[in-house]
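A.B. asks: predicted model and sequence follow; I will ask about them next.
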Amino acid sequence: MKSLLKHSAVLLLAAMTTASAQQIAEKQTLTLAGAKKVIAAAVSKAKELNAPGGVIAVVDDGGNLIAVERLDGTFAAGANISIGKARTAALFKRPTAVFEKIIREGRTPMVALNDFTPLQGGVPIEVNGQIVGAIGVSGAASAQQDEELALAGANAFNTSANGAAHSSAVTFFDSKTVAAAFVKGQPLLENGEYKIHASHRDAAGKAEVHEHETDIIYVLEGTATFVTGGKVVGGEMTAPGEIRGASIDGGETRKLVKGDVVVVPQGTPHWFKEVKAPFNYYVVKSIN
């Protein structure tokens, strides 16, 4: 009898311990050192893009400010705006570009929310599947550039010391985030090894050459006349390793339709000569 009671007590204690463990989850925390790493990655991207300025703010998962840095030449109001973007991305666990799109499409009552900055340039920081905070950027050359700097900062923990991506890091974008990215055409992920862009075109673009990137293009919707090879007409260096021009002389012409895949090696001129809108396509850029 005593043995039975002892055995039952052990089972009860084990059950209570298991139940207690299920009610408590381990939580990762963004430290000051981590926030500085995020800012450093965004500053590095700003230098790469020759950004005219920018304020970079990092908050924890509760929206509390950890660190902020204002680059020279940035307007004073940028600090409050960047903090607002970061807080919004952290508290709602979504990029602020999503909310800007929702409001633009007519859901204007959202602007009445307290402590809410629905402007592109706020991105959650995710580590091992957990959102540990967010970064907000304001005051760069454009809203798109704000977003690029923020993405670079948010991905700081997805790269190793030599810039290579950690293969163990899993990044997930839900369907709403992807759909929002395709509306305007913007990056989903950028790190030292590759970039993933949700690209959108309504019209023809400029001729391009990426000296250090190979483009892998997958067409989702629409048709386009695509020219590769040849010589860029009126080509100018618009950023390190990036050339843009009015058109291409010569080259090979293809008609791209839904489901097509085309790989454009680094250094190869390419040009969307004609586009039937809407034209949506993924681009995976392998950095060489």
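C.D. replies: Thanks, I have the structure now.

A.B. asks: start to end distance for stretch 53-72?
C.D. replies: Taking CA to CA, to the nearest Å, stretch 53-72 runs 6 Å from one end to the other.

A.B. asks: list the buried ones in that stretch?
C.D. replies: For stretch 53-72, the buried set under the neighbour-count rule, 16 or more other CB atoms under 10 Å, comprises 53-61, 63, 66-71. Backbone N, C-alpha and C define where each C-beta goes, glycine included.

A.B. asks: does Lys45 belong to a helix, a strand or coil?
C.D. replies: helix (DSSP: H, G, I helix; E, B strand; the rest coil).

A.B. asks: can you tell me which of the buried residues of stretch 53-72 is nearest Lys276?
C.D. replies: Nearest to Lys276, judged by CB to CB, of the buried residues of stretch 53-72 is Gly54 at 36.4 Å.

A.B. asks: leaving out the residues flanking it, which one is nearest to the closest one?
C.D. replies: Ala140 (4.3 Å; CB to CB, 6 or more residues apart in numbering).

A.B. asks: quick one: the helices in the stretch 101-250 of the chain?
C.D. replies: Secondary structure of the stretch 101-250 of the chain by DSSP state H, counting those that start in this stretch: the helices cover 143-154, 175-184.

A.B. asks: from Ile83, how far out is Ala134?
C.D. replies: The gap separating Ala134 from Ile83 is 10 Å, by CB to CB, to the nearest Å.

A.B. asks: which of these two has more residues huddled nearby?
C.D. replies: Ala134 (33 against 21; other CB atoms under 10 Å).

A.B. asks: which ones are touching Val123?
C.D. replies: Counting by CB atoms under 8 Å, 6 or more residues apart in numbering, Val123 makes contact with 89, 95-96, 134-136, 147, 150-151, 153-154.

A.B. asks: show me which of the residues you listed is closest to Gly185.
C.D. replies: Nearest to Gly185 out of the contacts of Val123 is Glu147 (CB to CB; 11.2 Å).

A.B. asks: can you check the pLDDT for Ala239?
C.D. replies: What the model reports for Ala239 is a pLDDT of 73.

A.B. asks: that one against Leu49, yeah?
C.D. replies: Yes. Assessed by CB atoms under 8 Å, Ala239 is found in contact with Leu49 at 6.3 Å.

A.B. asks: which one's more surrounded, those two?
C.D. replies: Leu49 (18 against 10).

A.B. asks: quick check: phi and psi on the more buried one?
C.D. replies: As for Leu49, its main-chain torsions (degrees, to the nearest 10) stand at phi -90, psi 0.

A.B. asks: where does it land on pLDDT?
C.D. replies: 87.

A.B. asks: surely it meets Asp146?
C.D. replies: No. Using CB under 8 Å, Leu49 is not in contact with Asp146; the gap is 11.0 Å.

A.B. asks: what do the two both touch?
C.D. replies: Ala140.

A.B. asks: before we move on, back to that, anything in contact with each of Ala134 and Ile83?
C.D. replies: Common neighbours of Ala134 and Ile83 (CB under 8 Å, 6+ apart) are Val59.
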